[in-house]
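Peer 1: here are the coordinates; sequence isn't available:
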């Protein structure tokens with residue numbers, strides 16, 4: 001009995017059918033893609049906000065450091081050994097208070113020698129004066145010639161000059177003696193000592209004996225952009241400049257402007273200034289960091305908008321202005337004056353102009369846009385999890 005052979009054409013038919021299905025799907029997808037490509041793209045979605053003109057106080061926030069308005073380096077004016085230090089480093093000293101004593105043995109001996117020499121010359125001068133008087137009387141009686149009188153007068157003049165020179169030496173020696181007593185040239189807080197008893201003090205030394213700084217009032221040094229200088233000068237002339245810093249305990253301290261530099265730094269485009277603040281409790285310390293807020297009057301009609309509206313381009317800063325009639329946007333160059341109270345103060349816009357705040361990516365001048373609504377900006381709902389599907393293989 002003959003056994004029929006199995007057909008081998010069935011797998012080939014299945015493969016051909018699968019290829020036909022794939023080809024049909026590819027053609028269908030291609031037509032759909034061509035249709036989508038031919039369909040016009042919707043205008044980009046943007047958010048806009050109106051620029052607002054208001055009378056805005058000119059507030060300039062900057063950073064600075066506390067500095068002493070008065071400070072001095074105490075240096076010796078005479079060479080010698082430090083005999084005594086009459087204060088402790090870190091002490092508060094008064095003007096004229098004795099701070100250091102330098103060994104004065106050599107200048108003291110020089111003073112004594114000058115005084116002795118002056119006394120000797122004074123005695124010779126007194127004797128010469130007596131001789132001159134006798135010579136004059138004897139010359140009147142024709143016992144001495146007139147030339148003897150002239151000689152006696154010359155001797156007196158010479159001794160008188162020598163005595164004046166000795167008195168000058170005494171004054172000079174006293175100055176040298178006084179320089180061995182180093183006193184405070186001003187009142188303030190002393191710093192660290194660089195010498196101790198037994199150290200050699202020299203006027204040519206680079207390091208001072210000690211440094212004294214004034215603690216009250218305390219100064220703050222800071223810089224501002226040169227663009228803010230005109231408004232600051234106008235406010236200073238009007239007496240409306242207000243400068244404030246935060247104390248270490250968080251309290252606000254108000255000071256006054258005491259210095260504006262006479263030159264703008266061309267490298268940074270800033271100008272340095274100083275302000276003075278009362279410091280009776282000595283809470284402000286030189287060298288410490290400080291946040292400074294300067295209020296320089298009021299800027300009338302200042303145009304403000306959201307800072308994210310401003311973009312940087314190759315020609316400078318600009319914004320996109322929305323035209324509600326045509327539905328298009330136009331690039332407008334602006335000048336950023338400052339950032340204040342989370343608002344950008346600009347020049348180049350008018351009040352109530354609509355400016356694009358979100359969606360500026362790929363925008364161009366003249367492009368039509370769509371305004372975003374609350375529904376466009378609402379977050380998408382979270383999709384619920386789909387139940388798992390179990391597939392059972394059929395036998």
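Peer 2: Okay, I see it. On a predicted model such as this, the values are computed, not experimentally measured, just so you know. Numbering: from 1, shown residues only.
Peer 1: what is the burial count for the nearest residue to residue 66 once chain neighbours are set aside?
Peer 2: In space, not counting the residues next to it along the chain, residue 66 is nearest to residue 288; the distance is 4.7 Å by C-beta to C-beta, 6 or more residues apart in numbering. In this view, the C-beta of every residue, glycine as well, is placed from N, C-alpha and C. A count of neighbours around residue 288, defined by other C-beta atoms under 10 Å, yields 14.
Peer 1: now do residue 322
Peer 2: Neighbours around residue 322, by other C-beta under 10 Å: 22.
Peer 1: do the same with the one 4 residues further on
Peer 2: The burial metric for residue 326, expressed as a neighbour count using other C-beta under 10 Å, is 10.
Peer 1: report the contact partners of it.
Peer 2: Contact analysis of residue 326 by C-beta atoms under 8 Å, 6 or more residues apart in numbering lists residue 368.
Peer 1: helix or strand: which one has it?
Peer 2: Using DSSP states H and E, residue 326 is not contained in any helix or strand.
Peer 1: before we move on, what about the one 3 residues further on?
Peer 2: Remark: residue 329 resides in strand 328-333, with elements defined by DSSP H and E.
Peer 1: got the contact list for the helix or strand that that strand is followed by?
Peer 2: Next along the chain after strand 328-333, taking DSSP H and E as the criterion, comes strand 335-340. Contacts to strand 335-340, defined as C-beta under 8 Å, 6+ apart, come from residues 56, 58-61, 227-228, 302, 307, 310, 317, 344-348.
Peer 1: how about stretch 172-185?
Peer 2: 72, 74, 76-78, 80, 93-104, 107-108, 110-111, 114, 209, 212.
Peer 1: report the buried residues of the strand holding residue 329.
Peer 2: Neighbour counts over strand 328-333 (16 or more other C-beta atoms under 10 Å) mark 328, 329, 331 as buried.
Peer 1: from residue 81, how far off is the second one?
Peer 2: Noted for residue 329: a distance of 82 Å to residue 81, by C-beta to C-beta, to the nearest Å.
Peer 1: low pLDDT regions in the protein?
Peer 2: 1-39, 374-395 (pLDDT under 70).
Peer 1: name the single longest helix found in it.
Peer 2: helix 105-140 (DSSP state H).
Peer 1: what are the buried residues along the following helix or strand past that helix?
Peer 2: Next helix or strand after helix 105-140 toward the C-terminus (DSSP H and E): helix 146-178. For helix 146-178, burial by neighbour count (16+ other C-beta under 10 Å) applies to 148-149, 152, 155-156, 159, 162-163, 166, 169-170, 173, 176-177.
Peer 1: got the domain boundaries for this protein?
Peer 2: Listed by automatic domain parsing, the domain ranges of the chain are 46-55+302-372, 59-69+214-299, 80-102+181-213, 104-179.
Peer 1: tabulate these in JSON lines, adding columns for distance to residue 40.
Peer 2: Listed next are those as JSON lines, based on distance: least, C-beta to C-beta, whole Å:
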{"stretch": "domain 46-55+302-372", "distance to residue 40": "11"}
{"stretch": "domain 59-69+214-299", "distance to residue 40": "46"}
{"stretch": "domain 80-102+181-213", "distance to residue 40": "74"}
{"stretch": "domain 104-179", "distance to residue 40": "94"}
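Peer 1: just to revisit the earlier point, closest one of the buried residues of strand 328-333 to residue 361?
Peer 2: residue 329 (12.4 Å; C-beta to C-beta).
Peer 1: the closest one pairs with what?
Peer 2: With DSSP bridges as the criterion, residue 329 is bridged to residue 322.
Peer 1: gap between it and residue 53?
Peer 2: 21 Å.
Peer 1: circling back: the residue nearest to residue 66 against residue 68, yeah?
Peer 2: No. Taking contacts as C-beta atoms under 8 Å, residue 288 lies outside contact range of residue 68: 11.5 Å.
Peer 1: give the contact list for residue 162.
Peer 2: So residue 162 contacts 121, 124, 125 (C-beta under 8 Å, 6+ apart).
Peer 1: closest one of these to residue 190?
Peer 2: Of all these, residue 121 has the smallest distance to residue 190: 45.0 Å, by C-beta to C-beta.
Peer 1: that closest one: neighbouring residues, count only.
Peer 2: By the measure other C-beta under 10 Å, the count of residues near residue 121 is 20.
Peer 1: one step back: out of the contacts of residue 162, which comes closest to residue 268?
Peer 2: residue 121 (66.2 Å).
Peer 1: mind checking how far the closest one is from residue 110?
Peer 2: 16 Å.
Peer 1: likewise residue 67?
Peer 2: 42 Å.
Peer 1: all strands for the stretch 201-350 of the chain, in order.
Peer 2: For the stretch 201-350 of the chain, the strands defined by DSSP state E, counting those that start in this stretch occupy 210-213, 218-225, 241-246, 252-260, 270-277, 289-305, 311-313, 316-323, 328-333, 335-340, 343-347.
Peer 1: between those strands, which gets nearest to residue 361?
Peer 2: strand 311-313 (9.9 Å).
Peer 1: counting contacts, what elements does the closest one pack onto?
Peer 2: Judged by 3 or more C-beta pairs under 8 Å, 6 or more residues apart in numbering; DSSP states H and E, strand 311-313 is in contact with strand 316-323.
Peer 1: who touches the strand it packs on?
Peer 2: Here strand 316-323 has contacts from 46, 48, 305, 309-311, 328-336, 346, 349, 353-356, 360, 363, 369, 371, using C-beta under 8 Å, 6+ apart.
Peer 1: I'd like to know which of the residues you listed are buried.
Peer 2: Using 16+ other C-beta under 10 Å as the burial test, the contacts of strand 316-323 include 46, 48, 305, 309-311, 328-329, 331, 334, 336, 346, 349, 353-356, 360, 363, 369, 371 as buried.
Peer 1: returning to what we had before: just put the strands of the stretch 201-350 of the chain in JSON lines and tack on distance to residue 131.
Peer 2: Output for those, formatted as JSON lines (distance: least, C-beta to C-beta, whole Å):
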{"stretch": "strand 210-213", "distance to residue 131": "57"}
{"stretch": "strand 218-225", "distance to residue 131": "68"}
{"stretch": "strand 241-246", "distance to residue 131": "77"}
{"stretch": "strand 252-260", "distance to residue 131": "68"}
{"stretch": "strand 270-277", "distance to residue 131": "69"}
{"stretch": "strand 289-305", "distance to residue 131": "78"}
{"stretch": "strand 311-313", "distance to residue 131": "99"}
{"stretch": "strand 316-323", "distance to residue 131": "97"}
{"stretch": "strand 328-333", "distance to residue 131": "101"}
{"stretch": "strand 335-340", "distance to residue 131": "90"}
{"stretch": "strand 343-347", "distance to residue 131": "94"}
